[in-house]
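Undergrad: Here is a sequence together with a model predicted from it:
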Amino acid sequence: METDLSYVSENLRIIRERTAEAADKYRGGVQPRIMAVTKTVPPETVNFAISQGIDLMGENRVQEFLSKQEAYDRSAEIHFIGHLQTNKVKYIIGAMSMIQSVDSLKLGQEISRHAVAAGKVMDILCEVNIGGEDSKSGVAPDQLRSLISQLTPLEGIRIKGLMTIPPPSESDIFLGRMEELFNKLKDEKIPGISMDELSMGMTHDYAEAVKHGSTIIRIGTGLFGARNYANK
């Protein structure tokens, strides 16, 4: 008996509607891409979302991705969005079109090394800890420019923008600060990088993120429902 996945279609309809409303109100109708965050979600549910028009997936965990990779519909693009250990880079370098969570020179060097060996240039985003939270990864805002300068010469990577997870209690404030930081860097026109992508906004704050210029919103619970941590 097939599982009824109509709730995914309905959730996606609501997300698209709210995203379009925010884009029309604040961004002249320019909408972000909707990423399906797949942590703990079975491949058949992910594939159903792809059949409904989702063309971008976000993976948080290397081991989980490897266990589900072969079952995925290959028509969707995949980004890695979780904390990435340097010794795990080699396992995902061929499958990802972007790694969004780069927050150190060491990680950037390892991605570059494996990308060069694979004959590709990996698009990356620099992850910013905009709220200065000890529990979250990301480079401090005042150290971002230095990190970008260190990463830019690496031949196997290409900086495409920024990513963040703001503190949920004051999300709108920190989304605004992230927008300012992103626009400032974009205006600098730093050689060798392009500030094309600003990845921010999740289930609880994606409409506010659209308001502040997000180009990629990352939706897990809002699309697939509450996570089933038994299904890892």
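TA: Everything's here; your move. Computed from a predicted model, the values in this text were never measured in an experiment. Numbering: from 1, shown residues only.
Undergrad: Which strands or helices does the helix or strand where residue 150 lies pack on?
TA: Using DSSP states H and E, residue 150 sits in helix 144-151. Contacts defined by 3 or more Cβ pairs under 8 Å, 6 or more residues apart in numbering; DSSP states H and E place helix 144-151 against helix 105-117, strand 122-128, strand 157-164, helix 171-188. (Each C-beta comes from the backbone N, C-alpha and C, glycine too.)
Undergrad: what angle separates that helix from strand 157-164?
TA: 160 degrees (axes from the mean of the first three to the mean of the last three Cα atoms, to 10 degrees).
Undergrad: what angle separates helix 144-151 from helix 171-188?
TA: Helix 144-151 and helix 171-188 are oriented at 50 degrees to each other (the same axes, to 10 degrees).
Undergrad: how about low-confidence regions in this protein?
TA: Counting by pLDDT under 70, the ranges of the chain that qualify are 1-2, 228-232.
Undergrad: the helices in it, which residues?
TA: 6-26, 43-51, 62-68, 89-92, 105-117, 144-151, 171-188, 206-211, 221-224 (DSSP state H).
Undergrad: want to throw these into TSV with distance to residue 130 and mean neighbour count?
TA: Listed next are the helices of the chain as TSV, based on distance: least, Cβ to Cβ, whole Å; neighbours: other Cβ atoms under 10 Å:
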stretch	distance to residue 130	mean neighbour count
helix 6-26	19	15
helix 43-51	28	18
helix 62-68	25	16
helix 89-92	25	18
helix 105-117	19	19
helix 144-151	10	17
helix 171-188	5	17
helix 206-211	12	22
helix 221-224	21	21
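Undergrad: Ok, which of those helices comes nearest residue 131?
TA: Ranking the helices of the chain by proximity to residue 131 (Cβ to Cβ) places helix 171-188 first, at 5.3 Å.
Undergrad: which helices and strands sit right next to the closest one?
TA: helix 144-151, strand 157-164, strand 197-199, helix 206-211.
Undergrad: if we go to 6 Å?
TA: helix 206-211 (3 or more Cβ pairs under 6 Å, 6 or more residues apart in numbering; DSSP states H and E).
Undergrad: CA-only coordinates of the helix it packs on in CSV, if you can.
TA: Below are the C-alpha coordinates for helix 206-211, written out as CSV (Å, rounded to 0.1, in the frame of the first residue of the first chain):
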residue,chain,number,x,y,z
TYR,A,206,11.4,32.0,5.4
ALA,A,207,8.9,34.8,4.6
GLU,A,208,11.1,37.3,6.6
ALA,A,209,14.2,35.9,4.9
VAL,A,210,12.6,36.7,1.5
LYS,A,211,12.0,40.2,2.8
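Undergrad: same for that helix, what does it pack against?
TA: In terms of contacts (3+ Cβ pairs under 6 Å, 6+ apart), helix 206-211 is packed against helix 6-26, helix 171-188.
Undergrad: buried set for stretch 160-170?
TA: By 16 or more other Cβ atoms under 10 Å, the buried positions in stretch 160-170 come out as 160-166.
Undergrad: Show the end-to-end separation of that stretch, please.
TA: 26 Å (Cα to Cα, to the nearest Å).
Undergrad: Start at 3, not 1
TA: Fine by me, first position is 3 from now on; the one you just mentioned is stretch 162-172.
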